[in-house]
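Q: coords please:
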Amino acid sequence: MKQNFTVRQGALDGVEAFLAVAQHRSFRRAAAELSVTPSAISQAVRALEARLGAVLFIRTTRSVGLTDAGERFLARARPAFEELVAASGAARELGQKPAGLLRLTVPRSVVPILLEPLIASFCKAYPEIEVELAASEELVDLAAGGFDAGIRMGQFINPDMVAVRLTKPFPFAIVGSPDYLARRGRPKRPDDLRAHACLRLRRSNGGLAPWSLNDNGRSIELAVSGSFIGHDFPTLVGAAIEGVGLAQVPAPLISGAVKEKKLVRVLEPFAPTTPGVFLYYPGHRQIMPKLRAFIDHVKRRPGAAR
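A: Residues are numbered from 1 along each chain as shown. Below is the predicted model:
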């Protein structure tokens, strides 16, 4: 029954002492194994017997044997204790080296432009870590959802979270397809948007997000109108490319489409700047090695934002 890990200070209320005595058929040898005094072993066993309401050992001056109750208790207690020791070892291992399941909640728009290359290199560097990405626009509670960390734009992160910058600040761009702009014209001022079909975003709370603009340092919000509503930015980008209307989306998300002339930026002087994208996690609990490894990997990647 000798184990590499023992539960100290009576955490199992005499069970460990009982198993040691049953193994050695000796209070003295059990005490030596657990590095305590024979009297401490005897007291722990007596307390256990009192709680169970049954005598577990037959004690004589020359020998120690198990009663019928002791034999039954041993048959159930030994495998349970060994499983507890194994579970403790597994938990300790996860607390000492990067391993296990790393769960991240992320918006869909972040996955192709930021996470795909980052996750690929991370998985190669840490093969003992499994990475699970839950792509959703919903602002979830990390603890309630069982997530180690999340990735969001800075304005949506609660102040009690620890945030690690993933990108530099970037504008929230307004874009339309060349075909749409040829049909409807290019807006020159924010008020011109009232005459345009604007693609709107449905937030996770059910409300429609207003469009935010910056007019000479003054932040303004517009309740735009249009015939199309999406639940995430990639959907709005796709609709804009098809000429359904104008969309306001994070600039990194449409940089490729702009280069390929599928989309054209408009009202650029009025585009507001967002804080950027951050990895965030609760600051009040110990960081597991798997999350620490991911944070360090993020900071070491080429072109990492500072």
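Q: can you pull out the strands in the stretch 51-200 of the chain?
A: 57-59, 64-66, 100-106, 129-135, 149-153, 161-165, 170-176, 200-201 (DSSP state E, counting those that start in this stretch).
Q: Of all those, which one comes closest to Leu213?
A: Closest approach to Leu213 among the strands of the stretch 51-200 of the chain is made by strand 170-176 (8.2 Å; CB to CB). Using the backbone N, CA and C atoms, a C-beta is placed for each residue, glycine as well.
Q: okay if I get the strands of the stretch 51-200 of the chain as TSV plus distance to Val266 and mean pLDDT?
A: TSV is the format used below for the strands of the stretch 51-200 of the chain (distance: least, CB to CB, whole Å; pLDDT from 0 to 100):
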stretch	distance to Val266	mean pLDDT
strand 57-59	86	87
strand 64-66	85	88
strand 100-106	29	93
strand 129-135	29	92
strand 149-153	22	92
strand 161-165	29	91
strand 170-176	5	96
strand 200-201	17	96
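Q: quick one: which of these is nearest Gly245?
A: Smallest distance to Gly245 across the strands of the stretch 51-200 of the chain (CB to CB): 7.1 Å, for strand 170-176.
Q: Which strands border that closest one, and is each parallel or antiparallel?
A: Counting by DSSP bridges, the strands paired with strand 170-176 are strand 247-250 (antiparallel), strand 264-266 (antiparallel), strand 273-274 (antiparallel).
Q: Can you say which of the ones you listed is packed in most?
A: Among the strands paired with strand 170-176, strand 247-250 has the highest mean neighbour count (mean count of other CB atoms under 10 Å), at a mean of 25.
Q: so which strand or helix has the nearest residue to Met161 once chain neighbours are set aside?
A: Nearest non-adjacent residue to Met161, counting by CB to CB, 6 or more residues apart in numbering: Tyr280, 4.3 Å away. Assigned by DSSP states H and E, Tyr280 falls within strand 277-282.
Q: which element follows the strand or helix carrying Gln23 toward the C-terminus?
A: Assigned by DSSP H and E, Gln23 belongs to helix 15-24. Moving toward the C-terminus from helix 15-24, the next helix or strand (DSSP H and E) is helix 27-34.
Q: got the buried residues for that next one?
A: Of all the residues in helix 27-34, those buried under the rule 16 or more other CB atoms under 10 Å are Phe27, Arg29, Ala30, Ala31, Glu33, Leu34.
Q: again, but for stretch 269-288
A: Those would be 270-272, 274-281, 287-288, for stretch 269-288 by 16+ other CB under 10 Å.
Q: Likewise for stretch 110-125?
A: Result for stretch 110-125 [16+ other CB under 10 Å]: buried residues Val110, Ile113, Leu114, Leu115, Leu118, Ile119, Phe122.
Q: and what of stretch 213-229?
A: Leu213, Asn214, Val224, Gly226, Phe228.
Q: show me what contacts the third one?
A: The one in question is Val224. Contacts for Val224 (CB atoms under 8 Å, 6 or more residues apart in numbering) come out as Leu193, Arg194, His196, Cys198, Arg200, Pro210, Trp211.
Q: any idea where the helices of this protein begin and end?
A: Assigned by DSSP state H, the chain shows helices spanning 15-24, 27-34, 38-52, 68-96, 110, 116-125, 142-145, 178-184, 233-241, 251-259, 289-300.
Q: For Met161, which of those is the nearest?
A: helix 142-145 (8.2 Å).
Q: separation between Arg152 and Thr273?
A: Relative to Thr273, Arg152 is positioned 16 Å away (CB to CB, to the nearest Å).
Q: try Asp160
A: 24 Å.
Q: nearest to Ala77, of the buried residues of helix 27-34?
A: Nearest member of the buried residues of helix 27-34 to Ala77, counting by CB to CB, is Ala30, at 14.3 Å.
Q: check contacts around the closest one.
A: By CB under 8 Å, 6+ apart, the neighbours of Ala30 are Ala17, Ala20, Val21, Gln23, His24, Pro38, Ile41.
Q: Pull the distance from stretch 270-288 to the chain's centre.
A: Centroid separation for stretch 270-288 versus its chain: 13 Å, with CA atoms, centre = their mean, to the nearest Å.
Q: what's the span of that stretch, first residue to last?
A: One end of stretch 270-288 to the other measures 43 Å (CA to CA, to the nearest Å).
Q: before we move on, back to that, with neighbour count and distance to Arg62 as added columns, please give the contacts of Val224 in a markdown table.
A: Output for the contacts of Val224, formatted as a markdown table (neighbours: other CB atoms under 10 Å; distance: CB to CB, whole Å):
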| residue | neighbour count | distance to Arg62 |
| --- | --- | --- |
| Leu193 | 22 | 97 |
| Arg194 | 12 | 100 |
| His196 | 21 | 98 |
| Cys198 | 23 | 93 |
| Arg200 | 21 | 88 |
| Pro210 | 14 | 87 |
| Trp211 | 23 | 90 |
